[in-house]
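In: What follows is a predicted structure for the sequence shown.
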Amino acid sequence: MPKFTPALVSAVVTGLESGHSVRSICKRVGISTPTYYKWIAEAEQVNPDQNKVDFRDRVLAAEGKAEQDLLSIVWEKSKKDAKSAQWLLSRRFKWSEGHSVSAEAQKELDMLRLAKARA
């Protein structure tokens with residue numbers, strides 16, 4: 001099993017920033033998923049190893065970056081596509097098709113559908 005090294009940490013962080021899953025990254029760098037989560041948990045212990053704390057912090061930042069990057073893609077797409085807008089609403093704002101929306105929001109959705117139909 002690979003050791004906890006700066007190179008391994010960088011590979012994990014780069015993978016997370018790119019939007020890859022923890023499982024796929026662990027396979028790629030040669031560690032088990034439980035080892036990954038063990039390293040994260042070690043940052044929460046009393047008197048933790050500062051390297052593990054830094055790892056956890058970098059992992060959290062990388063996950064946040066990936067989420068923002070992916071959300072930006074969906075956000076841009078949702079401006080032109082009602083389906084993307086509905087998907088975004090359902091994930092980000094816990095909205096569903098059966099959910100009642102304001103007249104203004106419904107008008108926006110209708111305009112998106114119409115623009116898509118014309119395209």
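Out: That came through fine.
In: Next up, the contacts around residue 39.
Out: Contacts for residue 39 (Cβ atoms under 8 Å, 6 or more residues apart in numbering) come out as 4, 52, 55-56. Just so you know, the C-beta spots here come from the backbone N, C-alpha and C atoms, and that holds for glycine as well.
In: from memory residue 43 sits against residue 50, does it?
Out: No. Look at residue 43 against residue 50 with Cβ atoms under 8 Å: they stay out of range, at 9.1 Å.
In: Comparing these two, which residue is more hemmed in?
Out: Neighbour count, other Cβ atoms under 10 Å: between residue 43 and residue 50, residue 43 has more, with 18 against 9.
In: pLDDT value on that one, please?
Out: Per-residue pLDDT puts residue 43 at 91.
In: if I look at it, how far off is residue 20?
Out: Remark: distance between residue 43 and residue 20 (Cβ to Cβ, to the nearest Å) = 21 Å.
In: Averaged pLDDT, the lengthiest helix in the chain. What do you get?
Out: Taking DSSP state H as the assignment, the helix of the chain that covers the most residues is helix 50-78. Across helix 50-78, pLDDT averages out at 90.
In: tell me the centre residue of this structure?
Out: residue 67 (3.1 Å; Cα atoms, centre = their mean).
In: what sits against residue 116?
Out: When contacts are counted by Cβ under 8 Å, 6+ apart, residue 116 touches 80-82.
In: List the buried residues in stretch 109-119.
Out: residue 112 (16 or more other Cβ atoms under 10 Å).
In: same thing with stretch 33-44?
Out: Neighbour counts over stretch 33-44 (16+ other Cβ under 10 Å) mark 36, 39, 42-43 as buried.
In: Check stretch 55-67 too.
Out: For stretch 55-67, a neighbour-count test (16+ other Cβ under 10 Å) marks 55-56, 58-59, 62, 66 as buried.
In: That'll do, ta.
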